[in-house]
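1. Whatever this is, show me its structure:
(chains A and B)
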Amino acid sequence: MRWPIVHTLWKKEMLEMLRDRRTILIMVLLPLVLYPVIGIITSQAQSAHVQKLQASRLRVGLVGAALPAPLMQKLLRNNELEHIPPYAPWKERLAQKQLHAILDTSYPSIPSTQPVSTPSTAQPKHPRPPTNIAPPSASLPKHPETAPPAASLPASTKAALLLSPRSPSTSLPSMRLTAPPPYTIRVIYLSTWDASRTASRRIEDILREFHREALQKRLQDFRIAPAFVQVFTVKTQDTASAQARGRDLLGTMLPLLLIIMTIVGALYPAVDLTAGEKERGTLETLLTAPITSIEIVTGKYLTIFCISLATGLLNMFSLWLTFSQGLRMLASNRKLAIDMTLNFQHYLALIGFLALIAALSSAVMLSMASFARSFKEGQNYTTPAYLLCFMPAFLATLPGAKPSLTSAMIPFVNVAYAIKGTIKGDLSLDYALLTVFSMLVVTVAFLRLSAMIFQNEQVLFREGDISWRGLFSQNTAHPQPLPNISDTFFLLSLQFALFFYVGLSLQQKNIALGTAITLWGIFLLPAVLWARTRHLDIKATFRLQPLPLRQIPPILLIVLGGLPLVLIITYYTSMWLFPDWLEFARKMNESLSLKSFGISTPVFFLILALSPGICEEAVFRGFALSSFHKRLSPQTAIALSAFLFAAFHLSLYRLLPTFLLGLVFGWLCWRTGSLYASVLAHTLHNALSLAIGLFFAKTAIARSLDQQPAVWWLPLGLILFVTGIVWLHRIAPPPRSAKTPLSDPRT
Amino acid sequence: MEPTIPPPEPSNTNESAPAPSKTNEPTPDSDTSLLVPEPDASLLAPVSENIRQDAAPWCFRIRDLGKCFGTHWAVRNLSITLRHGEVYGLLGPNGAGKTTTLRMIAGLIEPDEGSLQLSGVDRDAAPLEARKKIGFVTGSTGLYQRLTPIELLHFFAKLHEIPKHDAQRRIDELVEALALHSFAKQQAATLSTGQKQRVNLARALLHQPTLLILDEPTAGLDIISADFILQTIQKARKDGRSVILSTHILTETELLCDRIGVLFGGKLAQEGSLAQLFQSTQTHSLAQAFLKIIQQADPLAAPHASAQLNHATENAS
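-> Down below sits the predicted model:
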């Protein structure tokens, strides 16, 4: 890649994008003007509307018994009252918005058998003996609320009993305080109508106030201090500082908005620079220029990245300004202690995370938009991608969402958490590092996809619909008999994801069944399916060549000699590298026992010796080695497949031994040209190791092999191993070079 | 870095063998001869009266070019050789593979078979070097809407790695030659179709290509603009550039082309100078010759052509 060319491309794309009013609109105007304007307008419109509602007179309907005059007075102060007969269709009138709310006193009271007073048995405990209470009868009748309602109101017994104690004289001798059962006043309103909500709130406030006053009067009549009926008051105190509160608010709102706006910032330029260019007929001039498609993709990607990042930064700045400005306005009205200042480190971290978001969303949008032939089609492809990107992040911003290390592997979700954590100050370093790592890995994958698309003429100049097979196959005229390296890359990535997320959890549930499913379903099956869908030559890919019988004895020798050799090398290097290696080896032997599997011995060997032999060999020595072999030298191909084989064992301790075994199996497969050679060796090796663990656990051999290999195993192993290698080397015909004839299908 | 091709042997340059009427016979040579041009009469011979008879060394050659879409071969076994300053007209009905061929030559799509050599550069070995020698314009080529012609030319000059001073001089020349003055500093979105196509030609000529590929360059242009384009092609030919031109306007072909190839079904049905085509088809106009060639290739392809042809020949006689 020539960077001056990339720079030229980038400069031209930036110039064009910046001359485009739509870019400026999305990138600058939208964040800088829209947020403050919308914030101010909505808050002012809201408050104006509320004020207007509060000042207006509302129509309230009255159903049932009359209310006491003072209450009526209070209600009439701001509202218009209308009496409605009990069976009138008042619900409809509310629905038709003729009335804002309805007060219903005809609602049945809650039957109360309990007197209001404390029972006599409790009286001794009472702080105020009832004797202190003045007879209520003297003052009660004078109370206005107990007076009979105005003559105009329909008389009702219920209304008469409304708020007056029932015949106070009868309760006097026992000195029990009795009152009529609590009376229910129903406030009917329509929650979907804001004026009705205001009316109901207003009425409730009046009723509560009236209730308080009435209660106070009753208590006064009995000469009870108001504090008497109040056992305690509740008061809450928040120790969060103004700063912490501000950051909590920012941490909840900022991540999602930033992610959304940064993705939006990438969306338009991505579509314009790919699908837009195709539509305008300029892409072919670029493609006929003496530049590589990688240079074009890089130039375009950097442009999209810059615009996306700038959009994100401007949004961050504008949002923060709007928030803090809005809060300052609020704070001047009410006492609101929220401080939204962030320090330098916060900004640095936020900019870093924004760059990650911009990097990934630019790559995603670039690859999606590249499929499209026109601007409109480009929008059709990028919109779902946009939703897929930010919807998971939305979950992360929900209250109560907790970051876990698994979430750190999920792009966008992890950044949402990381931004939240950065602002709130509880982001752990390993979470941040995992976030950076996973975002970068996915970004690189999408960039690779974009590059593939730009190298694929079928996508660039296609006339019909997208052919996915067309994208991933380079040449349909000449079906490739062997997989490409990119096939192995995609297959192993898929298998790794399946293995990591499905296989491991299955193994935790049931180790025997889980292992079997992992081997056959996650390793062998996808490899075979992949080979079939890509129309590969199954026999050549998996090297299904018969193994001559005379080649079997040297393979047995190699395995027999190789086992102690691998163990000795592993033991000494591991003891040196990992001080706790013995502990690990012991645990591993324990987990690989019949007991932990809970199955019979033959099945045990079937799952742990034969299955890995077939499935792992098919993937690593069959599929992967064949694809590497096509382009690379045999040494590199074998080493690479051995490394992948080792990496899939997901253990730092076992990296070296599995790598060495991978080398041996790879060589066997390459030399004999038959997968059966390495299947045999792998199966035999596993079976031997397991057998030692199972049957000779207590013997010197096991101890010697397992815990501290005796030095004399070294020459013995070496002799067997080397003999086997030399023997096989002599009797197996030199493998034909797969590289030359197969790389060029035309010959 | 790129393997240079030895100059053609002397025997090649002196060759002026009479042209066989058909040149699309598959060459018996195996692939091993790709790098060493061998005397090949069938590929070099046909020369019209306009071109000097001393047979200048070929400047462009494709051999056995093929492109397959899915299972359908859009183009197959296509071999064309061009001399310096030769204008080659590629005719054929819609869907014959003209655009695919020109895209393959321009390097926009990768051929599935065959090779391309361009003034000493093998495209497979040095694809970028080959692109530096090719100028490409189609009727649907667009311009960057928000760049001015001057900015556009400077941009492509940088992509072609032309030194800044040379680029400025060359752009001044092209502005002069293609009369771009009046709109050289306007954004391309405001230009007319004819003006845009002139800018496109300037872009294609900017890096002094040896081969100019023109795919219906006058499509949608008025007579004046089209004439301007044709004059530019004539001038490019005088400068020694080879031109491969695809068009549906037969008068343009008659006027410009030294040699004409008729493409049908992805194969070269016939090739030769105008006179040779008239001779081999026993006709007197290019339209008739074209129809006859197509009819010979596939009688079902032009069902009404025979009546028309009979009528035409009757009139002529």
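
2. From B:L152, how far off is A:R208?
-> Using C-beta to C-beta, to the nearest Å, we find A:R208 at a distance of 76 Å from B:L152. Any C-beta I mention is one placed from the backbone N, CA and C, and that applies to glycine too.

3. what does A:A646 give?
-> From A:A646 to B:L152 the distance is 53 Å (C-beta to C-beta).

4. Stretch A:481-489: how far from the chain's middle?
-> From the chain centre to the centre of stretch A:481-489 is a distance of 32 Å (C-alpha atoms, centre = their mean, to the nearest Å).

5. more neighbours, A:R208 and B:L152?
-> Shown here are A:R208 and B:L152; by other C-beta atoms under 10 Å in any protein chain shown, B:L152 has more neighbours (22 against 10).

6. can you tell me which residues contact that one?
-> B:143-144, B:188, B:199, B:203 (C-beta atoms under 8 Å, 6 or more residues apart in numbering or on different chains).

7. Next: B:L214.
-> By C-beta under 8 Å, 6+ apart, the neighbours of B:L214 are B:137-138, B:233, B:243-247.

8. Show me which of these is closest to chain A.
-> B:T138 (7.1 Å; C-beta to the nearest C-beta).

9. and the nearest residue to that closest one once chain neighbours are set aside, what pLDDT?
-> Spatial nearest neighbour of B:T138, excluding adjacent residues (C-beta to C-beta, 6 or more residues apart in numbering or on different chains): B:D215 at 3.9 Å. Per-residue pLDDT puts B:D215 at 89.

10. how many neighbours does B:D215 have?
-> B:D215 - counted by other C-beta under 10 Å - has 23 other residues nearby.

11. One more: A:P734?
-> With other C-beta under 10 Å as criterion, A:P734 counts 8.

12. Under the pLDDT cut-off, which ranges of chain B? List them.
-> Along chain B, the parts satisfying pLDDT under 70 run over B:1-56, B:70, B:301-317.

13. hey, which helix is longest across it?
-> In chain B, taking DSSP state H as the definition, the longest helix is helix B:223-238.

14. Could you list the domains of the chain?
-> Picking chain A for this. A:3-41+A:241-472, A:58-228, A:506-743 (automatic domain parsing).

15. sorry, should have said chain B
-> According to automatic domain parsing, the domains of chain B span B:58-272, B:273-317.

16. Compute the first-to-last residue distance for the first one.
-> It stands for domain B:58-272. Domain B:58-272 has its terminal residues 16 Å apart, counting by C-alpha to C-alpha, to the nearest Å.

17. got a pLDDT number for the closest residue to A:P483 other than its chain neighbours?
-> Once flanking residues are discounted, A:P483 sits nearest to A:S627: 4.1 Å by C-beta to C-beta, 6+ apart. pLDDT for A:S627: 88.

18. worst average pLDDT in the domains of chain A?
-> Looking at the domains of chain A, the weakest mean confidence is domain A:58-228, a mean of 67.

19. ends of that one, how far apart?
-> The first residue of domain A:58-228 is 37 Å away from its last residue (C-alpha to C-alpha).

20. What of stretch A:619-626?
-> 10 Å.

21. Show me what counts as buried in that stretch.
-> With burial defined by 16 or more other C-beta atoms under 10 Å in any protein chain shown, the residues of stretch A:619-626 counted as buried are A:619-626.

22. ditto for stretch B:67-82
-> Going by 16+ other C-beta under 10 Å, stretch B:67-82 has these buried residues: B:67-69, B:73-82.

23. same deal with stretch A:638-649?
-> For stretch A:638-649, by 16+ other C-beta under 10 Å, it's A:638-646, A:648-649.

24. quick revisit: among the domains of chain A, which is nearest B:L174?
-> Using C-beta to C-beta as the measure, domain A:3-41+A:241-472 is the one of those that comes nearest B:L174, at 15.3 Å.
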